[in-house]
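> Take this sequence and fold it.
(one chain, ligands or ions: 1)
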Amino acid sequence: MNIAQVDYDGLIPNNVALGQDERVKRALEKWHPGYINWWNDMGPEGFQESLVYLRTAVSVDPKGWAKFDYVRMPDYRWGVLLAPALKGRKIPFGRHKGEDAWQEVPGEYRAMLRRLIVIQGDTEPASVEQQRYLGKTAPSLYDMRNLFQVNVEEGRHLWAMVYLLQKYFGTDGREEAEALLQRRSGDADTPRMLGAFNEQTPDWLSFFMFTFFTDRDGKMQLEALAQSGFDPLSRTCRFMLTEEAHHMFVGETGVTRIIQRTCEAMKEAGISDPNEIERVRKLGVIDLPTIQKKANLHFSLTLDLFGNEISTNAANAFHAGIKGRYREDRLKDDHQLEGGTYPVLRLIDGKIQHEDSPALSALNMRLRDDYVGDCNNGVGRWNKVIADLGIPFEMKLPHVAFHRQIGEFTKIKADVAGNRLSDADWTERRDEFLPSDADRDFIESLMQPQLEPGKFAGWIAPPKVGIDNKPGEFEYVKIA
Ligand code: BYC
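Reported below is the predicted structural model:
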């Protein structure tokens, strides 16, 4: 079988020769109805009958892997797709560095691997649940289609992790696969595992911020897992990253188009001061300071996903060859880090300062620093749009100590510049930094659907080009 091609003959499209693996095929076929029930209950509400112009993977060849067509979402062909095996691949880091990559789960690391796969798997359906009402307020059919594309692919990413659980983890893998369909984002009794995935995504600015910031964490975590010595995990994550690129595109261009529309409207109305919030809002666009507050919220929630500053879990996973660093294969050092140190921002004697920590224990922070760098590049591109339209405003990422719920800085309150605040000052000034109820009400008032092909809500600029090079008036979703 040609690994690049996906076999669409059976119930579950795949490029892992599922037809010759009766046990796993049966297990996945048994899991399938529960997944479809979950999708029907928790997937995009109100649009399950609509025809959506979606891409489906037909190959894992990076040069041409997708085909576009109209699909009813419940009929989307969710499947199991692994990037091609690299011949002779070795474990790239940790104490087993240089040994042959594992094709089976090494017994001593079973629990660790299972935990990482379950955490990763849990985020995927969670994001679909968080976004399930957004179709109803889509600013255009183009944006609605992008939302649904992201949703079906997050669903596929759940399949990717469930395949690993079913194939490599026996009975407990099956139980974990079931549990992934039982937890619910934001549920008081059975919440999703990580904090940011229990927050709401109430409006489209939040959706774009989420896909900019939180999907970017997804990219970083997948890059780290793609380095894994457990080859099936590495190959799974490598293909997921191909899909993930579109999600980041949706977030980045979505926020950019909102910023662009705001700046254009300000220019047309002759408003040069971005802090004239009420005047800007009267134009029916979102003022830049409110966009900044949403960025502050989503960035700080996403930082929590990197775990604690000092983490023995992270050290153990690296040492074991299970979870690497961002682009481990491009780094030039011994890939074992036993003696090295890494500067970590910590709370020492009440002050926020760097401390050299053992490099292995600091791996969560190393990944987070790479993440912050990647976010800053994107923010720079937003700022270019603002500068090109001549508005004196710069978007900035808040300090990493701002508004944290995991790690060192949970103990303190800080402003966006990282200055410590008393509890009373924080309470008084919170709405300067984070969206207030009034901000949320205003944004919500703009969230009126625009469902005419080629038209866009007034608070967001049209995209530069269509999906799959379609013309402006293309009907991306045929609403049923
Ligand atoms: N919430 O040693 P530590 C994505 C727990 S996004 C709740 O620092 P570690 C996507 C931790 O479990 C990417 N609990 O933890 C994006 C541990 O508990 P135990 C998702 C937390 O393991 C958009 C304890 O605190 N993928 O794909 O070094 C749409 C000690 O912590 C949290 C991954 O995250 C938290 N935020 O780091 C769709 C990759 N943080 O076990 C999808 C897999 C920590 O001692 N996960 N704790 O009882 C990991 O790599 C790591 O587990 C974490 C945590 C980075 C999450």
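> all contacts plus neighbour counts: C-alpha atoms, from now on.
OK.
> Assumed F68 was part of a strand.
Yes. With the criterion set as DSSP: H, G, I helix; E, B strand; the rest coil, the secondary structure at F68 is a strand.
> State the distance from it to K470.
11 Å (CA to CA, to the nearest Å).
> same deal with S50?
Between S50 and K470 the distance is 19 Å, computed by CA to CA.
> More neighbours: those two, which one.
The residue with more neighbours, out of S50 and K470, is S50; 16 against 11, by other CA atoms under 10 Å.
> The more buried one and G186, how far apart?
Relative to G186, S50 is positioned 27 Å away (CA to CA).
> Which stretches in the stretch 301-450 of the chain count as helices?
According to DSSP state H, counting those that start in this stretch, the stretch 301-450 of the chain carries its helices in the segments 312-319, 363-388, 423-433, 437-446.
> now the angle between helix 363-388 and the first one, please.
Direction vectors for helix 312-319 and helix 363-388, defined by axes from the mean of the first three to the mean of the last three CA atoms, to 10 degrees, enclose an angle of 100 degrees.
> next one: the last one
Calculated by the same axes, to 10 degrees, helix 437-446 forms an angle of 60 degrees with helix 363-388.
> Run the chain-centre distance for the next helix or strand after helix 437-446.
Remark: after helix 437-446, the chain's next helix or strand is strand 477-478, criterion DSSP states H and E. Mean-position distance between strand 477-478 and its chain equals 25 Å (CA atoms, centre = their mean, to the nearest Å).
> ok, and what's touching strand 477-478?
50-53, 141-142, 144-145 (CA atoms under 8 Å, 6 or more residues apart in numbering).
> and the helices of the stretch 301-450 of the chain, which is most packed in?
Highest mean neighbour count of those: helix 312-319, a mean of 20 (counted as mean count of other CA atoms under 10 Å).
> anything in that one near the ligand?
Yes. Counting by CA under 6 Å from any ligand atom, contacts between helix 312-319 and the ligand involve 312-314.
> need those residues in a markdown table with pLDDT, can you?
Formatted as a markdown table, the residues of helix 312-319 next to the ligand follow (pLDDT from 0 to 100):
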| residue | pLDDT |
| --- | --- |
| T312 | 97 |
| N313 | 97 |
| A314 | 98 |
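> For the residue nearest to I119 when sequence neighbours are not counted, the count of nearby residues, please.
Spatially, and ignoring its direct neighbours in sequence, I119 is nearest to M193 (6.8 Å; CA to CA, 6 or more residues apart in numbering). Using other CA under 10 Å, M193 has 20 neighbouring residues.
> Would you confirm that M193 belongs to a helix?
No. When the secondary structure is assigned by three-state DSSP, M193 falls in coil instead of a helix.
> Go ahead and confirm it touches D122.
Yes. Counting by CA atoms under 8 Å, D122 is a contact partner of M193 at 6.7 Å.
> On the pLDDT front, check whatever residue is furthest in space from the centre of the chain for me.
Distance from the C-alpha centroid of the chain, by CA atoms, centre = their mean, peaks at G270 (37.3 Å). At G270, the model reports a pLDDT of 97.
> if I look at it, how far off is R346?
The gap separating G270 from R346 is 45 Å, by CA to CA.
> next one: M395
Distance from M395 to R346, counting by CA to CA: 25 Å.
> Next: V372.
Applying CA to CA, the value for V372 to R346 is 16 Å.
> Same check on T123?
Computed as CA to CA, the T123 to R346 distance reads 27 Å.
> More neighbours: these two, which one.
Relative neighbour count places T123 above the other of T123 and R346, with 23 against 19, counting by other CA under 10 Å.
> And what about that one, helix, strand or coil?
Each residue gets one of three states, and T123 gets helix by three-state DSSP.
> wouldn't it be in contact with R192 here?
Yes. Using CA under 8 Å, T123 and R192 qualify as a contacting pair, with a distance of 7.3 Å.
> so where is the stretch 101-250 of the chain shaky, pLDDT-wise?
Of all residues in the stretch 101-250 of the chain, none has pLDDT under 70.
> what about the helices in it?
Per DSSP H, counting those that start in this stretch, the stretch 101-250 of the chain has helices spanning 110-130, 141-168, 170-182, 204-209, 215-226, 231-269. These are given in chain order.
> want to throw those helices into JSON lines with distance to A27?
Below are the helices of the stretch 101-250 of the chain laid out as JSON lines (distance: least, CA to CA, whole Å):
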{"stretch": "helix 110-130", "distance to A27": "17"}
{"stretch": "helix 141-168", "distance to A27": "7"}
{"stretch": "helix 170-182", "distance to A27": "8"}
{"stretch": "helix 204-209", "distance to A27": "34"}
{"stretch": "helix 215-226", "distance to A27": "25"}
{"stretch": "helix 231-269", "distance to A27": "18"}
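> Tell me which of those sits nearest to W78.
Among those, helix 141-168 comes nearest to W78, with 5.4 Å by CA to CA.
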